[in-house]
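Peer 1: task: produce atomic coordinates for the following.
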Amino acid sequence: MDHDVQPRARRARRATALAGALLTSALWQVPAQAQTLADNYWINLQAYIPKVDTKVRATANTQSAIGTDIDMERDLALDRNEVVPAVSLGSRLGKVIVGADFFRLERSGEIGIARDIVFDGTTYPASASIGSSFESDVYRFTVGYAFVQKPDLEIGAALGLHATDFRISLSGEAVIGNDAVQATTRVKKVFAPLPTVGLFGTWQVAPRLEASGRVDYLSLKIKDYDGKLVNVQAGLNYRVLDHLALGVAYRYVDYRLGIEKDAWSGRVRYKMNGPALVLQASF
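Peer 2: Numbering: from 1, shown residues only. Below you'll find the model as predicted:
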C-alpha cells in the first residue's frame, strides 16, 4: 500500500504548487475591491475533508449471476476519510453568474474478503485477496440568474450540468464458470453527464465577512442513466485583504446513478459530507 500513497502525495504537492502559482499570478494582476459581491471574477480553492460512503454493483447481462451490492469501505477496505482538493471558478456578468467546479476522489485498497463477491460476471470467493480502486472526477457547470442583487445580498437560481467520470476496478483470484482464474481484473468505466437545477445566495454579514450557500438537485432518467443528486454547500469567508479571503465551508453530496447498458447493468451510490478549508481570490 505504501507505493500507492507516494504517487498520491506527489500529485497533491503538484496540485498545491499549481494552485499557489495561479493565486499568486491573480493577486499581482487584480486591483483591490471593496467586497466579493462587487467583484466580477473569482477562484476558490478548497481542501475538502469528507467522510465517504460508497456502494456499487455491476451485473454482466450475459451471466445469470446478479452482481453483489458492494460496500467499498466495509467490504474492500477503501479509506472512509479523505482529503480531497477542489477548485471553483466564477464570473458575474451583470445578473448572470457563471460557475465551474472540479474535484477528484481517488482511493485504493487491498483485503482478504469475508464473503463471495460477484462483479461483472466474475466471482471473487471468500478469503481471496482482492485489490480494488474507486476513482471519480466530478465536473459541475452552472449558469445562474440573480433575481435579488443588492450591494450586500445576492439570491438566484441556476441551471447546471453535473458530469461524473467513474472508474471502478477489482482484481484478484476469481472464478468464471467452473474454472479458477488467477489475477483476474474487472474494470467498469462510466461517464454520466446529468442536468441539475439549483438555488444560490451570498450575504455580506459584516464589512469583511460573507456567508454563502447553494443547493443543486437532480432526479431524472436520461437514456442509459437514472440519476439522483443532492449537493448542498454552505460557507463563511473572511477577507484578510481586499481581494483575498480565507474561510470554512461544509459540503454534503448524495449521488445515486443507475446504469442500464446492453452488456451490463449496475448502480453507483456515494455520499460525502464534511468540512472544507477555503482560500479565495476575487477581482
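Peer 1: going by C-alpha atoms from here, please, whenever you check contacts or count neighbours.
Peer 2: Fine.
Peer 1: now do the SS call for residue 37.
Peer 2: Here residue 37 is recorded as helix under DSSP: H, G, I helix; E, B strand; the rest coil.
Peer 1: count of residues packed around it?
Peer 2: 21 (other Cα atoms under 10 Å).
Peer 1: which residues does it contact?
Peer 2: 151, 152, 153, 154, 202, 204 (Cα atoms under 8 Å, 6 or more residues apart in numbering).
Peer 1: then residue 57?
Peer 2: Residue 57 sits next to 67, 68, 69, 70, 119, 266, 267, 268 when contact means Cα under 8 Å, 6+ apart.
Peer 1: just name the closest of the residues you listed to residue 109, please.
Peer 2: Nearest to residue 109 out of the contacts of residue 57 is residue 70 (Cα to Cα; 13.6 Å).
Peer 1: bridging residues for the closest one?
Peer 2: residue 56 (DSSP bridges).
Peer 1: next SSE downstream of the longest strand anywhere in the chain?
Peer 2: In the chain, taking DSSP state E as the definition, the longest strand is strand 179-206. From strand 179-206 onward toward the C-terminus, using DSSP states H and E, the following helix or strand is strand 209-222.
Peer 1: just the angle for the helix or strand where residue 280 lies relative to strand 179-206, thanks.
Peer 2: Secondary structure from DSSP H and E places residue 280 in strand 264-282. Here strand 264-282 runs at an angle of 30 degrees relative to strand 179-206 (axes from the mean of the first three to the mean of the last three Cα atoms, to 10 degrees).
Peer 1: can you name the two of the contacts of residue 37 that are farthest apart?
Peer 2: 151 and 202 (10.4 Å).
Peer 1: between the two, who's got more neighbours?
Peer 2: Shown here are residue 151 and residue 202; by other Cα under 10 Å, residue 202 has more neighbours (21 against 11).
Peer 1: leaving out chain neighbours, which residue sits closest to that one?
Peer 2: Distances taken as Cα to Cα, 6 or more residues apart in numbering put residue 212 closest to residue 202, at 4.3 Å, once the chain neighbours are dropped.
Peer 1: that neighbour and residue 236 touch, don't they?
Peer 2: Yes: between residue 212 and residue 236 a contact is recorded at 6.4 Å, counting by Cα atoms under 8 Å.
Peer 1: and the longest strand of the chain, what does it pack onto?
Peer 2: Counting contacts by 3 or more Cα pairs under 8 Å, 6 or more residues apart in numbering; DSSP states H and E, strand 179-206 packs against strand 153-176, strand 209-222.
Peer 1: where are the low-confidence patches of the stretch 1-150 of the chain?
Peer 2: In the predicted model of the stretch 1-150 of the chain, residues 1-36, 63 satisfy pLDDT under 70.
Peer 1: which stretches in it count as strands?
Peer 2: 41-48, 51-60, 70-71, 84-93, 96-112, 117-119, 122-124, 129-150 (DSSP state E, counting those that start in this stretch).
Peer 1: ok and the second one relative to strand 264-282, angle-wise?
Peer 2: Between strand 51-60 and strand 264-282, the angle comes out at 150 degrees (the same axes, to 10 degrees).
Peer 1: distance from strand 51-60 to the middle of the chain?
Peer 2: 15 Å (Cα atoms, centre = their mean, to the nearest Å).
Peer 1: with the longest one instead?
Peer 2: Averaging C-alpha positions (Cα atoms, centre = their mean) puts strand 129-150 5 Å from its chain's average.
Peer 1: now stretch 257-265
Peer 2: 21 Å.
Peer 1: for residue 42, find the nearest of the helices and strands packed on strand 179-206.
Peer 2: Among these, if distance is taken as Cα to Cα, the winner is strand 209-222, at 13.9 Å.
Peer 1: sheet partners, orientation included, of that closest one?
Peer 2: With DSSP bridges as the test, strand 209-222 pairs up with strand 179-206 (antiparallel), strand 225-241 (antiparallel).
Peer 1: buried set for the first one?
Peer 2: The neighbour-count check on strand 179-206 (16 or more other Cα atoms under 10 Å) flags 184, 192-204 as buried.
Peer 1: pLDDT score assigned to residue 234?
Peer 2: Per-residue confidence (pLDDT) for residue 234: 96.
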